[in-house]
Structure formats: C-alpha cells, structure tokens
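J.: With the input below, show me the fold.
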Amino acid sequence: MVWTKKRCTSMDMEQSELVIPRQLLCCKLCDEEFTKPCYLPCLHTFCQKCIDEHRVNSTDDDGYFPCPTCMTEVGLEEEHGGQGNLPENILARRLSVPTIDPIKRETLCFYCKNAGNFVEGKTHCVNCDEFLCTSCTNSHTAQEEFADHQLQSEEDYNASLEKSSSTTTQGQVLTVCCEAYDPLDIGAMFCVECDISVCADCHVNKHAEHRCAELMTIAQHFETKIKEPLKELDNDSEEISEFLVNLDSTEQTILEQKDSLKQNVRDRTKQLCSLIKDYQKLLLDDIERRFDDQLEEIKTRRLDLEMHLEAIRGVKDFTNNLITYGSYEEKVHLRKKVGYRIRELCEESLGTDPIQIHSVRLMEPNVTVDTICDMFGTISTEEQSVGTIAGDTKENPPTSQHFQRYHSFGDSGHGSDSMENAENVETEPELVEIFGKTHGDLQRQDSKQSGSDSDMLSSSNSSDKIKNVKFREQVEQSEFQNENVFNLENPKREVVLPAPIQKECIKGIGINEKGDIIVGTTTTIHVLEKRGIVRGQIPLENGWNIHSVASDGKVSMTVPRGDNRFKVRVLRNDGTGHILSDFNVESFGLNFVTADKSGTLIITSNRYAQIHKSHGKAAKSGGNIAFYGSDGYLLRRITNEDFHANLLEKPQMVVVDEKRSRTYVADPGSHKVIALNSEGGLAFEYGNIEGQEEIYQGPDLISIDKYGNVIVTDKREGRIDILGHKGNLKKSFYTDDIPRFVGATPDKLLVTAMPDGNMKFYEYLS
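T.: Sure thing, here's the model as predicted:
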C-alpha cells in the first residue's frame, strides 16, 4: 500500500502538539473563523469580506479608514501602490486549514484486479495513473497505443508526490527561482538581496555574489533580533497600562471633587433666598465648564493611549503568533513588515507625560449676619499633575476685595480686563460689588449684561438689608499672568542640521505631524527624522524655486509666467514629494503660499486686482488673503473691506488648523495676528492696539501645536507668545537669539531653529 499525505515541514513537526488559540483564527468583526484572512499595516487581521465592508462604510474624503481595533488610519491607495488590495495573512490562512489524514490508496494491479485476481502492482503508469504487476507491465508497453506511456517504480511515485506537495506549499509563501527548486534539497538557499528562494544551480550561477543563507538560519536570526524591540514594547505596554490605571484614579478623584463641590453649593443654597438660588446656578455652570474641560482632556488622552496600547498589543500578538506558530518561510516573508511596524511604534511618543490639571476649590467665605449672601464662597483653580491631586489643600487668602463684573464667559481676546485694586489676577466672569447702590443704579449699570444676571441683581436689591451685601468671588487660575513670562533656556535636547544642508541656502523649515523635519533649500527638499538623521531627499525640478515653507512642513514652489502670472505647486508634508496643489494663478505679488489638506491654495499679498469700468483691470493696494480651489479658480479673497477695519497691511506667513477650521495669518504691517474661521470671518485679532503699549514689531513667524495653541514669534523683539485658539495669551517666552523657525513637535516640545543650523527643543506647556 502507498500512503499520500500532506507535506509536513520541520516547523509543522515542532508544533504538532501545540493547541492554537481560538482568537488567533477568528475575525474580530464577525467573531467567526477567518475567511480569506488579510491584515492591515497595523498587523490586525480580519476576513477579506468584513474589512471590505468596514472600509466602504468608514473611508473618509481623503481615502483613509480607521482600523476597527486600534483606530490606526489606513490609506490603501498609498500603502499598496494604488491597487487597494490588502495582503493575505498566510499564517492565519495556513492555521485555519484543518490537517488532512493520510489517504490510503490500493496498489493492486489494475488489469489483474479487473480479472478477479489480486496481485500487488510493482510499476506505476504516469499516463494512466494506474499500478501494474510485472507481467501486465510488459503487456501494457507491448501494445502500440500504450507504447509511449511513461512508467515509474513505486519509490519514484512516492518521491514525486512528496516533491509536488512541497513545491505547492512553498510557492504559496515565498517566490522561488525556478521549477527545479526543492525546499528539501540540501543545496536550497534563500537570497536576502533578491528576496527569493533559490536552488543549488541558481545559487551558483545567478546568486553566487549575493548574501544567501538557509531558510532556517534567516528565520532564527529574525527571532533573535526581534526579541529586544518586543521587550521594549512590553515595557511600553506596562507603562501605558499603569498610566491608564492612574488616569482612572484621577478621574474618580475629579468626579468626587466635582460632586462634593456641587453638594456644598446645594447645601449652602438652602440657607439663602431666591437670589442665592440664581447665584447657585451660576456657580454650578462654572464648575461644569471647568471640570468638563479637564475631563475632556483626560478622555482625549485615554483614547490616544488606548489606541497606542491596542496597536502595541496587535503587533505583539501578531509577532508572538508568528514566532510561535509560523514556519520559517512565513517568518522570512513577514520579517520586514513586522520589523518596520515595531520600529515605528518604538519611535512614537507614548503620551504618558503628566497631564497638567486644575484643582478647583470652593473658597470659604467670611460669613456674618449682614453678609449672608457671601456664604457661597468662591471657586479657585490650581494646576496639578495626574496622580498628585490632594484631597485637602490650604486655601489661599483672597488677593482682591473689589471685583468688576464681566458679561462674556468665553476668552476675551488678548490681555485681561482690569480690576480695581487687583494684584495681577485674571478672573473669570464675576459679580459686581453691591456697595451703597440703589435699585435704579444697578439697573443702569447692568443694562449691557445678560438678562438672567440683571434680573437676579434687580430682584435682590428690593430689600434694604441686601443693599450693603457684597458678592465676592476669588478665582485663581493658571492663565496668563505677569509671572507667566519666561526666558527660553535649558533645552531638553538639541539637533544640529547636517553640514551639507547648512552649506546650502535654506529657504525654510517646517515640522509635520509625525515630528519629521522638512528643510527646503535652493536645490533640494531634505526630510529628517526627529533626531536630525536624513531620511530622504527630493531634488527640485528644473525651473522651479522654493517660495515658502509652512510651519507644518508643506513646501510651496513657483515658476514666474509673466504679467503677474505664476505656476504654483505645493507638496504634501509627508516627505514623499507628492503634489497637493498644482496650477496657474494670477496675483499681484506673492508674500506667502501654502495650502490646506484638501488642496485649497492660500496666497497672501499686498495688492490685488480690481476691475474698473473705465480702464479695466488694475492693481489695488491693500493686504489680502486669496483662496484658490483645486481647479485653480479664485474661491474667495479677503480684504479689509470684509472686516470694515484696517487689519491687513502686509500679510505674510499663514498656518492652517485643519481640526478647528481656522486659518491664522501673521501681518508685520499691522502688527497683528488675524484668525479666520471656515467662512472667512474674523475669529479674533491679537496684537498692537492704537493708544496702548506696543506688543510686536512684527510678528514674523506663526505656527500651531497639536492642541490648537497658536505660536507667534517676533524676531526683533525676541518674543515667542503662546495663544489659545480663542486668542487668549497663555505664556510669553523671550530669547536673545534670532530664530529662523519656531514651531512645535507632536510630543509637546517647542522648537527653535537658529541660523547656525542648531535646533533646540524646549518644554513649554508645563
């Protein structure tokens, strides 16, 4: 008898006693066993049908969709050369196929068996696929119609089956050199340079000068090398897990503190009249707003950490399963993708640095019989890191006895409203002191305030007892104060641009969302990773010149066409050299050129075209910001006429905040920063105000960080301001150097690039 069986590699034999976990073979979308398993760049595996349905439902306008498990963005058009096909998970596919028991086949002589005799066959006819005894073999070949049939012995038949099985299995994983390749041949090798399995002949004839080794050696080398980065991922996973536990504890503390404060407010409300109930609502809303901001930050941080942790787990599971269950061929085939993904995760910031939060407390009041309305106390805010929130803290004494009433609860542009006798304290909306004022005086004073506050104060002043009652709320917070002015010193790290780049004429520097440094010179665009190591170079095409480099790394190039016409091209900031915008525009000068993520071109200039009935098109002086669509046509031009104010004189640098739909412009002519909303309307302005002390001689540079803060630089003043996305000044830094570039990295470091090629990284949000 001859037994045909499934080929068993050495790895198969080693794993014959292993039990494969169910989750390794089940899709996380349908919770069923894999059907055509394929994996994403983050190494999470799903059924082909399941991930196709998810992709159809989740792909955004830019062609990206999130991984259902770790939310990593996937862009198939870029990842797989425009084909949009996901690679098959060969490991999951092989493990999903059940082992087939050997099939027993009779080797009785075909002719003898038909004649009723059971004689063992000694020879196999390849053409007929039947076994023949010695006598029938002679008769078979003697017949003219069977004379050209090929015969083989029983041993040769078994060997051909084994070779056929091995060749089929091998071809499913690795590319082979030729049909003569046999993985069981002692001379079979794997060419590392060509990434192909080669037979002994091809090794000698075609790959003798290449780096070749046995599959087992390469697979074992992969296992050895990958253990150290896997260990690093284990440490990262443990650190993130511990920090998540700390976040949960911090959230619980904040929630308990929030509930306690609200309960205190409610308990004190019972002792007051209707005026106090209205005041209670004001305080509760204030508490909700303060804590919601903190909880939202924790929620965002938790989501980022969980996504990173899930990405690490996915890589660890995939790699450990590959090491445990994968064959040598599979390990060699996947080694590059796994190594690249692990290096990518190892270099990514963990995001476990402490979160600066506000410790909000209700200040104890000075309660007397005549000032019972003061018993609410005040709410104060202090910043503390996660894990250091104390339950009991000493209350700071009030620093001001008289407060001015505010109306707006939002950020109030730049600067802070003055308070009588206040000691450099910036406050949230306060209640005005009621001191010897009549009911009519209060009504006139509150005519510009909100209706609810006016009604509350009007109704309260109907009582003679309440006329001399003083409302006092002391609010302490870590917004911009005089002490929030710092000298820029003690950098966390420094990077020096490579000497060949320094020798060129640098046109601009930017940092993209991954932390890569984009440097534009007269001849080349250099892409450096965050440590300053050159990762790639993009030479400029003939005739093109770099015009602008945005702070986010987008490089704009131009070619003059004459008569105020320009060929403009903006490259993506991912270091690939792919074009974001490319078309001809007409403009009376180009101060700065960039584009948003959708390809909308943004150009600032000092003049723009205006049509006159008498003499046609002419240039009109005045700063303006022009937006061009992907077809090259003008979508919108923003001038001073849109603001009914002289805000734009010499607009220069532009930066776009895609998440918040904001466009920020630095104008050294009007000495202001102008923020535009998605409709082109004025969101806020910050800068010099006539009749007040000057803030800027510029500003010259502008950028944003991942939290929406606006970083404004005045080179001549040596000043770097950090503005909130609503225009409130948070911090100011001063430096003796004149920076060429100022921006922020994804890991929350302020970056300054000096003319000598030295880049310094500072902590600026602590």
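J.: by contact count, what packs against the longest helix seen in the chain?
T.: In the chain, assigned by DSSP state H, the helix with the most residues is helix 215-269. Counting contacts by 3 or more C-beta pairs under 8 Å, 6 or more residues apart in numbering; DSSP states H and E, helix 215-269 packs against helix 274-325, helix 328-347, strand 356-363. Any C-beta I mention is one placed from the backbone N, CA and C, and that applies to glycine too.
J.: Quick one: work out the angle between it and helix 274-325.
T.: 170 degrees (axes from the mean of the first three to the mean of the last three C-alpha atoms, to 10 degrees).
J.: Let me see the mean pLDDT of helix 215-269.
T.: Average pLDDT, helix 215-269: 87.
J.: gap between it and the chain center?
T.: 18 Å (C-alpha atoms, centre = their mean, to the nearest Å).
J.: which of the helices and strands packed on helix 215-269 has the lowest average pLDDT?
T.: strand 356-363 (a mean of 74).
J.: buried stuff in that strand?
T.: Within strand 356-363, the residues that count as buried by 16 or more other C-beta atoms under 10 Å are Ile357, His358, Ser359, Val360, Arg361, Leu362, Met363.
J.: and if you look at stretch 542-554?
T.: In stretch 542-554, counting by 16+ other C-beta under 10 Å, buried: Ile546, His547, Ser548, Val549, Ala550, Ser551, Asp552, Gly553, Lys554.
J.: Quickly note the distance from Glu155 to Lys122.
T.: With distances taken as C-beta to C-beta, to the nearest Å, Glu155 is found 11 Å from Lys122.
J.: higher neighbour count, these two?
T.: Lys122 (16 against 10; other C-beta atoms under 10 Å).
J.: who's in contact with that one?
T.: Phe131, Leu132, Cys133, Thr134, Thr137, Ser153, Glu154 (C-beta atoms under 8 Å, 6 or more residues apart in numbering).
J.: can you put the residues you listed in CSV and add distance to Asp60?
T.: As requested, these are exported to CSV (distance: C-beta to C-beta, whole Å):
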residue, distance to Asp60
Phe131, 63
Leu132, 67
Cys133, 71
Thr134, 73
Thr137, 70
Ser153, 64
Glu154, 63
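J.: Just give me the least confident of those residues.
T.: Pick the lowest pLDDT in these and you get Glu154, at 80.
J.: my read: that one touches Glu120, true?
T.: No: judged on C-beta atoms under 8 Å, Glu154 makes no contact with Glu120 at a distance of 9.3 Å.
J.: element containing Leu272, please.
T.: For Leu272, there is no enclosing helix or strand under DSSP states H and E.
J.: Would you list the phi and psi of it?
T.: When read as degrees, to the nearest 10, the backbone of Leu272 gives phi -120, psi 170.
J.: what's around it, how many residues?
T.: 16.
J.: thinking again about what came up before, quick one: which of the helices and strands packed on helix 215-269 is nearest His526?
T.: Set against His526 and scored by C-beta to C-beta, the helices and strands packed on helix 215-269 come closest in helix 328-347, at 18.9 Å.
J.: Give me the buried stretch members for that closest one, please.
T.: So helix 328-347, judged by 16+ other C-beta under 10 Å, has buried residues Tyr328, Glu329, Glu330, Lys331, Val332, His333, Leu334, Arg335, Val338, Arg341, Ile342, Leu345.
J.: Same check on stretch 137-146?
T.: Buried residues in stretch 137-146 (16+ other C-beta under 10 Å): Thr137, His140.
J.: Please enumerate residues in contact with it?
T.: Tyr111, Lys122, Thr123, Cys125, Asn127, Cys128, Leu132, Ala147, His149, Leu151.
J.: In this structure the first one contacts Cys128, no?
T.: If I follow you right, that is Tyr111. No: Tyr111 lies out of contact with Cys128 (C-beta under 8 Å); the separation is 10.6 Å.
J.: Quick one: end-to-end distance for stretch 699-716.
T.: Stretch 699-716 has its terminal residues 9 Å apart, counting by C-alpha to C-alpha, to the nearest Å.
J.: what's the answer for stretch 665-673, then?
T.: Using C-alpha to C-alpha, the end-to-end distance of stretch 665-673 comes to 6 Å.
J.: That one - what's its average pLDDT?
T.: pLDDT averaged over stretch 665-673 gives 93.
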